[in-house]
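Q: Below are the sequence and a predicted model; questions follow.
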Amino acid sequence: MIDKKGLVLASLVFGSAAMAQVKWDLPTAYPPANYHTENIVQFAKDVETATGGKLRITVHANASLFKAPEIKRAVQSGQAQAGEILLANFSNENPIYALDGVPFLATTYGDARKLYDVSKPAMEKLLAAQNMKVLFMVPWAPQGIYIKKEIASVADLRGVKWRAYSPATAKIAELVGAQPVQIQQAELSAAMATGAVEAYMSSGSTGYDTKTYESIKNFYDTQAWIPKNAVLVNAKAFDALDAAGKDAVLKAAAAAEERGWKTAQAKNDEYKKLLAERGMKIHKPSPKLDADMRQVGGIMQADWLKLAGADGAAIVDAYKKK
């Protein structure tokens with residue numbers, strides 16, 4: 001004989017268990033084999049394991065769910081529960097987002113970490129006002145110049161078709177007399193192959209991921225700045241988790257941040273080696289090119305401080321004292 005009370009009870013138990021499972025989408029603009037994406041996939045696995053499958057995060061790589069400029073808005077509006085962005089891309093909203101993209105302010109991983117530590121409270125306050133929370137941030141490699149021709153000074157960049165993927169890289173194009181072309185990473189390989197892009201500034205990993213060596217043969221290791229990607233979560237989505245779920249996410253995020261920083265540093269030399277093996281000439285900038293680029297950096301630092309005002313000056317002062 002069927003126990004109807006038992007059936008009802010079982011239905012309630014399994015029904016509440018099903019309701020307890022939460023699914024998040026996490027879009028990113030970078031390919032699956034990129035170390036940022038691999039790190040995020042591991043983060044998602046760690047969360048699922050820690051929550052016993054109650055929180056499952058689907059990572060959508062290579063701008064397959066949202067294009068790079070759309071991801072922040074998607075997280076802010078709740079279209080995606082979490083997402084990864086390059087902070088410097090959003091400097092038009094607030095100059096604080098552009099801090100790690102200011103040339104020659106922080107050019108080593110140690111300095112980049114100090115800059116992150118002193119700027120994080122201001123960043124968190126900004127994002128909280130936009131209904132978001134920082135889960136973790138991971139750096140790229142120091143930025144250099146990819147270019148078709150060999151160069152000895154900034155004068156050699158005049159008129160070059162220059163990929164501008166952020167306000168900072170567009171500003172560099174303006175200062176050196178290059179022609180800015182707005183191209184996101186997912187479209188970069190095609191743009192180089194057709195000649196729409198002749199030069200750009202980025203990391204060794206971007207050059208390798210996009211097979212830049214097939215179209216461009218020179219990389220100048222200027223080590224101009226170390227930008228960071230931030231993995232953000234919609235505040236309402238995070239607050240909707242129970243205490244155990246929140247704890248699992250934060251612990252996995254802390255582990256991802258530590259792992260990501262270590263990986264970034266280890267991958268820096270590895271990517272340059274891989275590029276060289278595929279025909280890329282890795283150049284140390286000439287003294288003239290280095291001096292010219294540092295002059296560009298000085299102009300951009302002064303401009304940033306004007307835009308960021310007292311709050312920005314306080315961050316930079318704290319960084320220089322740290």
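A: Received the coordinates, thanks.

Q: So Val316, which state does it fall into?
A: Secondary structure, DSSP: H, G, I helix; E, B strand; the rest coil: Val316 is helix.

Q: That one and Pro95, how far apart?
A: Distance from Val316 to Pro95, counting by C-beta to C-beta, to the nearest Å: 11 Å. C-beta coordinates here come from the backbone N, C-alpha and C atoms, glycine included.

Q: Could you do Gly53 as well?
A: 42 Å.

Q: and what of Asn234?
A: 24 Å.

Q: Could I get the full set of helices for the stretch 151-300 of the chain?
A: Along the stretch 151-300 of the chain, counting by DSSP state H, counting those that start in this stretch, helices occupy 167-176, 188-193, 204-209, 235-239, 243-277, 287-321.

Q: Please identify the most buried of the ones you listed.
A: Ranked by mean neighbour count, the helices of the stretch 151-300 of the chain are led by helix 204-209 with a mean of 24 (mean count of other C-beta atoms under 10 Å).

Q: now that helix, how far from the centre of its chain.
A: Per C-alpha atoms, centre = their mean, to the nearest Å, the displacement of helix 204-209 from the mean C-alpha position of its chain is 14 Å.

Q: so where's this structure shaky on pLDDT?
A: 1-19 (pLDDT under 70).

Q: give me that answer again for 90
A: Across the chain, residues meeting the criterion (pLDDT under 90) sit at 1-20, 88-89, 91-92, 101, 165-168, 184-186, 205, 209, 322.

Q: in the sheet, who's paired with the spatially most central residue of it?
A: Against the mean C-alpha coordinate of the chain, by C-alpha atoms, centre = their mean, the closest residue is Asn229 at 2.2 Å. Listed beta-bridge partners, Asn229: Leu86, Val138 (assigned using DSSP bridges).

Q: Next: the one 5 residues further on.
A: Taking DSSP bridges as the rule, Asn234 bridges to Met132.

Q: how many other residues sit next to it?
A: For Asn234, the neighbour count with other C-beta atoms under 10 Å is 23.

Q: quick one, what contacts it?
A: Going by C-beta atoms under 8 Å, 6 or more residues apart in numbering, Asn234 touches Val75, Gln76, Gly78, Ala80, Gln81, Ala82, Asn131, Met132, Lys133.

Q: I'd like those residues as TSV, with distance to Leu175 and neighbour count appended.
A: Converted to TSV, the contacts of Asn234 look like this (distance: C-beta to C-beta, whole Å; neighbours: other C-beta atoms under 10 Å):
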residue	distance to Leu175	neighbour count
Val75	32	30
Gln76	31	17
Gly78	39	12
Ala80	35	25
Gln81	39	22
Ala82	35	28
Asn131	35	15
Met132	32	24
Lys133	35	20
